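Visitor: Test case, fold it:
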Amino acid sequence: MSTASGRRKFLRHSAAMFGALGIPMASWSRYLNGVSPDASSGLSPAQMPATGPMMISTWDHGLLANAAGFLACERGGSALDMVEAAAQFVESDAQGRSVGLGGLPDRDGHVTLDACVMNHNGEAGSVCFVQNVLHPLSLARKVMEETPHVILAGAGAEKFAREIGMPETPLLTEEARAAWEEWCESAQYRPIINIENHDTIGILALDSKGQIAGGCTTSGLAYKMHGRVGDSPIIGAGLFVDGEVGAATATGLGEAVLRTVGSFLVVELMRQGKSPQQACEEAVHRIMRRQQTSDLQVGYCALSTNGTMGAHAIHDGFTTAQSRNGQHELFHASFG
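Guide: Numbering: from 1, shown residues only. This next block holds a predicted model:
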């Protein structure tokens, strides 16, 4: 596919998604003019100018997620509002196979969701092993803001969702069901590096007031054991935010991130003076020194409160969407 035809396809899908969310064309079309869907390996995140609100999100779908986040910012939203708007965009996209609607199910055919949020004050909310909730990250935010708890799980989280007016929403699409039925013929569990059967979206945002926030949302490993919870809803593993230093988020095989409390490690290294890029590299190298990584991928991205960014992964192929000054660009992360 040519670059021009690829971009046209990208813009058509973008328009459909923004329209489905009720966002007027006059709003989203202006932002999409600044979106570059072709990954670049040029200017590193740490070298980019630190001005204005900014976002960094994992993987290609982060481009449109960031655009939705900037729309929320334009409407007066905080960093956390930017994160939530970005997550809702991806959670609603039935074409995606790793987050929310259309996500691939567990081995029993159930789509189960994990999500968390954290703000600049260190407040956090999380939900895990949740079914039939369209926007699990929004539910995690409600846990943070409206309950005395940090984590709600399973049926309890679903009950809370109904209590606050979130409708029950079936998430298994016909396409995802067909993929699961095909998988059932062999029932072999083999995660594939950089393929969306084991992915998430992690989102970090810095607003015009200098406040930082982050969030993760995922359908988790495709064809996982029923009840499995990954790193995404675990504060310190899939996400960590420190309002004095910065924030980090992880993607890839959650078990490897959980064993090293990776996102907390990245932020703590930043507190000790490392740049976001250096901190992401060290966190990845710790996994590589301690675990067999030939068949697993983990990537980290980080954003400091002064606006510098970083991203690094075990293997090639990890992309991050980086947004500032009205421009949304896709970068290949460094690796190894």
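Visitor: Report the distance from the helix or strand in which Leu71 is found to the chain centre.
Guide: Of the helices and strands defined by DSSP states H and E, Leu71 is found in helix 62-74. With Cα atoms, centre = their mean, to the nearest Å as the basis, helix 62-74 stands 13 Å off its chain's centre.
Visitor: Identify the residues contacting stretch 251-265?
Guide: Where contact means Cβ atoms under 8 Å, 6 or more residues apart in numbering, the residues beyond stretch 251-265 that reach it are 58-59, 191, 198-202, 220-221, 230-232, 234, 236-240, 248-250, 279, 282-283, 286-287, 290-291, 293, 296-301, 313-314, 318. In short, each C-beta sits where N, CA and C put it, glycine included.
Visitor: in that stretch, what counts as buried?
Guide: When burial is assessed from 16 or more other Cβ atoms under 10 Å, stretch 251-265 yields the following buried residues: 251-258, 260-265.
Visitor: Can you report how many residues lie near Leu63?
Guide: Using other Cβ atoms under 10 Å, Leu63 is surrounded by 24 other residues.
Visitor: What sits closest to it if chain neighbours are left out?
Guide: With Cβ to Cβ, 6 or more residues apart in numbering as the criterion, Leu63 has its nearest non-adjacent residue at 4.4 Å, and that residue is Ala321.
Visitor: The one you found and Ala65 touch, don't they?
Guide: Yes: between Ala321 and Ala65 a contact is recorded at 7.0 Å, counting by Cβ atoms under 8 Å.
Visitor: Report the set of residues contacting both of the two.
Guide: Ser57.
Visitor: if we can go back for a sec, quick check on the contacts of stretch 251-265: which are buried?
Guide: With neighbours counted using 16+ other Cβ under 10 Å, those contain these buried positions: 58-59, 191, 198-202, 220-221, 230-232, 234, 236-240, 248-250, 279, 283, 287, 293, 296-301, 313-314, 318.
Visitor: Bridge partners for Gly299, pull those for me.
Guide: Residues found in beta-bridge contact with Gly299 (criterion: DSSP bridges) are Thr251, Ala313.
Visitor: From what I see, it and Asp316 are in contact.
Guide: No: checked against Cβ under 8 Å, the pair Gly299 and Asp316 is beyond contact range at 10.5 Å.
Visitor: which stretches of this protein form helices?
Guide: Assigned by DSSP state H, the helices in the chain fall at 3-20, 25-32, 62-74, 79-91, 136-146, 154-163, 174-184, 254-258, 262-271, 276-290.
Visitor: so where's the stretch 151-300 of the chain uncertain?
Guide: Residue ranges of the stretch 151-300 of the chain with pLDDT under 70: 189-199.
Visitor: how does it look with 50?
Guide: Applying pLDDT under 50 to the predicted model, the residue ranges of the stretch 151-300 of the chain that meet it are 196-198.
Visitor: Can you name the residues that contact the residue lying closest to Thr147 once chain neighbours are set aside?
Guide: Nearest residue to Thr147, sequence neighbours excluded (Cβ to Cβ, 6+ apart): Phe160, at 7.4 Å. When the contact criterion is Cβ under 8 Å, 6+ apart, the partners of Phe160 are Leu139, Lys142, Val143, Thr147, Leu152.
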